[in-house]
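# turn this into a model:
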Amino acid sequence: MASRIEDYAIVGDTETVALVDLSGSVDWWCVPRIDSGACFAALLGGPEHGRWLVCPRGEVQARQRHYIGHTLVLETEIVTATGTVAVIDFMPPREHHPTLFRLVEGRSGTVDMHLELVARFDYGSIIPWAQATGDGQVLVAGADGLRFHSPVPLQGRDLTTTADFTVQEGQRLSFSLVWYPSHAQPPLPLDGLAAFHRTRSWWTEWVQRCTYEGEWRDDVVRSLVTLKALTYAPTGAITAAATTSLPEQLGGVRNWDYRFSWLRDATFTLQTLIIAGYTDEARSWVRWLRRAVAGHPSEFQIMYGVGGERRLTELELDWLPGYEGSAPVRAGNAASDQFQLDVFGEVMDAALVAVRAGLEWQPGFADEIAKALLEHLEQVWRDPDDGIWEVRGPRRHFTHSKVMAWVAFDRAVRIGEMRGLGGDRFERWRSIRDEIHRDVCQHGWNAERGSFVQSYGSTELDASLLMLCPVGFLPPSDPRIAATVDAIQRELVVDGFTRRYQTAAAGGVDGLPEGEGAFLMTSFWLVDNLVLLDRYDEAMALFERLRAVRNDVGLFAEEYDPSLGRMLGNFPQAFSHVSFVNSAANLSLAERGPTAMRRGNDR
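The predicted structure is shown next:
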């Protein structure tokens, strides 16, 4: 049976990420780029689809794991009847090839250990040729090669590399696995202890740059380290998650590939990095975004590859049964072809955040990119779209989408005011901004329901409506904001966790079967709204409930099922961690005095 999603920890090198479960099995590792498939895919299939297991042979009496300090070096200490052993997993910051190290240290007594390596390329579908090297193996198939270094003798059995060995007190054994292009020479193994010290020092120095001084600092730092791990350092992109196809409902079909970068993450990601003092990462992210959206605004996509790739063709990997039978398993994401109005607002909101923080967006931005973007938006803002949740049903006039179109014109006007720009163009944008505001207030508000609704003419609620106040569309003093928040709490909140919408409403509002967990991101959005409404105690209680959902090493997935007590969706999820950091900062500011978190309410 597959490990629970919350039973996984991660290690990474700011270009790749591997998932390690409680038993000591690395069940997922995609290298060197997400488009090359995975070396280990047991997460979505079984051991036969690729994993690397290091564990005691005998009965385990106790097991405890933690990250060493504020690093991404994972230590799992295991107590057996004959002694105690530690397995230390890490990936050094990238210099050449991605390398996964596993150090086995004897802490007391003697412990008999077992190792299994099942290397499979292309998401578990290709069995490589293996060749012994005297100190390990070389495994090659197609474009992929692995150099496995082992200090103990290896055996091959049933297309699996195995080893049985004993570790004594004070003994340290270093194993490593390096990916390299199969046409090149296999790299020589690196010194494990030296790599360990370099990795620990690198993360320690990175964390020392953090300027966050609010409440829950240790937890916030762990989320920041996780976000850094999800970064693709060569370009500055941040992936939404490290995995694909972890289900939003166990056994269901809502299984998507999240190893891409979404434009709508723009403002929140920038805000989080700036809050924490990571301006270099913020600048890199701005440069990535600027490159990704280059071209005509009609060609904007809602997501891009980590290098800025635009063709993200969705495929179904039918040889994988999926996590706990949740099929299909997908690579790529067809939602990249959707039309979503909110991306224009996200780009302009990110531009305003960058300008305010002194991060130069691009020379001539207001006169060039913004002009083209907004002139296109003038023509399309009245059109129905696919919405923030990427529904695979019919297009609608989603309220949140119209609000974000308003944001686009509002931010353009503000940037112009900050830079002393004016003229007919800005007056026109100001006029359109006001027109959209009237349109949303007329058609997005349902007087009978006493709240804003998901789309024009609908009676359904949607958690995206929680963005109306934080982006400044309406102030927290407007009674329609409190009424909408109250309605969402009544109908979409389950045990403190906020669902996006009612999936069964109107025969399936998103064109998919019923059922999914509650989104952690939208749950934190509710916290932020409660802060804005000066309901601090309520916000604090909800925040603590959400914080308690983190797993034993401080990681969030995308969703949570309160009835099962299980994490759901892709893991770890960047937006969950971004939202956690922002909510922590908002609560800290609110405790000290009037909140400064209102992205759009400082007009």
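
# which strand or helix spans residue 18?
strand 17-20 (DSSP states H and E).

# which strands or helices does that strand pack on?
If you count contacts as 3 or more C-beta pairs under 8 Å, 6 or more residues apart in numbering; DSSP states H and E, strand 17-20 packs onto strand 9-12, strand 25-29. For the C-beta atoms, the positions are set from N, CA and C on the backbone; glycine is no exception.

# just the ones you listed: most buried one?
strand 25-29 (a mean of 25; mean count of other C-beta atoms under 10 Å).

# let me see the mean pLDDT of that one.
Throughout strand 25-29, pLDDT has a mean value of 97.

# same check on stretch 516-523?
For stretch 516-523, the per-residue pLDDT averages 91.

# just the CA atoms of it, as PDB, please.
Extracted C-alpha coordinates of stretch 516-523, given in PDB (Å, rounded to 0.1, in the frame of the first residue of the first chain):
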ATOM      1  CA  GLU A 516     -12.300  16.800  -3.800                       C
ATOM      2  CA  GLY A 517     -10.700  17.900  -0.600                       C
ATOM      3  CA  ALA A 518     -10.600  21.400   0.900                       C
ATOM      4  CA  PHE A 519      -8.000  23.700  -0.400                       C
ATOM      5  CA  LEU A 520      -5.400  24.900   2.100                       C
ATOM      6  CA  MET A 521      -4.700  28.000   0.000                       C
ATOM      7  CA  THR A 522      -8.400  29.200   0.200                       C
ATOM      8  CA  SER A 523      -8.500  28.300   3.900                       C
END
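
# might you calculate how far that stretch sits from the centre of the chain?
Centre-to-centre, stretch 516-523 and its host chain are 13 Å apart (C-alpha atoms, centre = their mean, to the nearest Å).

# what does it rub up against?
Residues outside stretch 516-523 that contact it (C-beta atoms under 8 Å, 6 or more residues apart in numbering) are 248-249, 252, 254, 463-464, 466, 494, 496-500, 503, 542, 546, 549, 556-562, 566, 568-569, 573, 575-576, 578-580.

# what's the biggest strand in this structure, counting residues?
In the chain, taking DSSP state E as the definition, the longest strand is strand 99-118.

# quick one, that strand and strand 25-29 angle?
110 degrees (axes from the mean of the first three to the mean of the last three C-alpha atoms, to 10 degrees).

# now strand 99-118: buried residues?
99-107, 111, 113, 115-118 (16 or more other C-beta atoms under 10 Å).

# export the strand holding residue 18 as CSV, just CAs?
Written as CSV, here are the backbone C-alpha positions of strand 17-20 (Å, rounded to 0.1, in the frame of the first residue of the first chain):
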residue,chain,number,x,y,z
VAL,A,17,13.2,17.4,-5.8
ALA,A,18,13.0,13.9,-4.4
LEU,A,19,10.3,12.5,-2.0
VAL,A,20,11.3,10.2,0.9
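
# just checking: what are the partner strands of that strand?
Sheet pairing of strand 17-20 (DSSP bridges) gives strand 9-12 (antiparallel), strand 25-29 (antiparallel).

# format those as JSON lines; extra columns: distance to residue 75.
Output for the strands paired with strand 17-20, formatted as JSON lines (distance: least, C-beta to C-beta, whole Å):
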{"stretch": "strand 9-12", "distance to residue 75": "10"}
{"stretch": "strand 25-29", "distance to residue 75": "15"}
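
# give me the spatial nearest neighbour of residue 209, chain neighbours excluded.
residue 277 (6.1 Å; C-beta to C-beta, 6 or more residues apart in numbering).

# was I right to think that neighbour contacts residue 208?
No - contact criterion C-beta atoms under 8 Å: residue 277 and residue 208 do not qualify, at 10.3 Å.

# compare these two (neighbour count), which wins?
Neighbour count, other C-beta atoms under 10 Å: between residue 277 and residue 208, residue 277 has more, with 15 against 8.

# can you pull the phi/psi pair for that one?
Main-chain dihedrals, residue 277, degrees, to the nearest 10: phi 90, psi 10.

# identify the residues contacting it.
Residue 277 neighbours (C-beta under 8 Å, 6+ apart): 209-212.

# how close does it get to residue 312?
According to C-beta to C-beta, to the nearest Å, residue 277 and residue 312 sit 32 Å apart.

# closest one to residue 490 among the helices and strands packed on strand 17-20?
Checking these against residue 490 by C-beta to C-beta gives strand 9-12 as the closest, at 36.5 Å.

# what does the helix or strand bottoming out on mean pLDDT in the chain contact?
Least confident element among the helices and strands of the chain, by mean pLDDT, DSSP states H and E: helix 266-275 (a mean of 85). The contact list for helix 266-275 (C-beta under 8 Å, 6+ apart) reads 212, 224, 227, 238, 279, 281-282, 285-286, 289, 346-347, 349-350, 353-354, 357, 574-575, 578-579, 581-582, 585, 599.

# so after it, what's the next helix or strand?
Defined by DSSP H and E, the subsequent element after helix 266-275 is helix 279-292.

# from the chain's centre, how far out does that next one sit?
17 Å.

# next one: stretch 401-408
Counting by C-alpha atoms, centre = their mean, stretch 401-408 comes out at 24 Å from the chain centroid.

# same question, stretch 185-202
Centroid separation for stretch 185-202 versus its chain: 27 Å, with C-alpha atoms, centre = their mean.

# ok, now stretch 9-19?
12 Å.

# so where is this structure shaky, pLDDT-wise?
1, 32-36, 360-369, 503-515, 592-603 (pLDDT under 70).

# break it down into its domains, please.
Domain assignment for the chain, taken from automatic domain parsing, gives 5-206, 209-592.

# show me where the protein has helices.
Ranges of helices in the chain, per DSSP state H, are 192-208, 217-229, 266-275, 279-292, 342-356, 369-380, 399-418, 424-443, 479-491, 520-532, 536-547, 574-592.

# let's have these in TSV, adding distance to residue 149.
As requested, the helices of the chain are exported to TSV (distance: least, C-beta to C-beta, whole Å):
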stretch	distance to residue 149
helix 192-208	9
helix 217-229	23
helix 266-275	36
helix 279-292	32
helix 342-356	43
helix 369-380	48
helix 399-418	50
helix 424-443	60
helix 479-491	54
helix 520-532	39
helix 536-547	40
helix 574-592	32
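
# okay then, goodbye and thanks.
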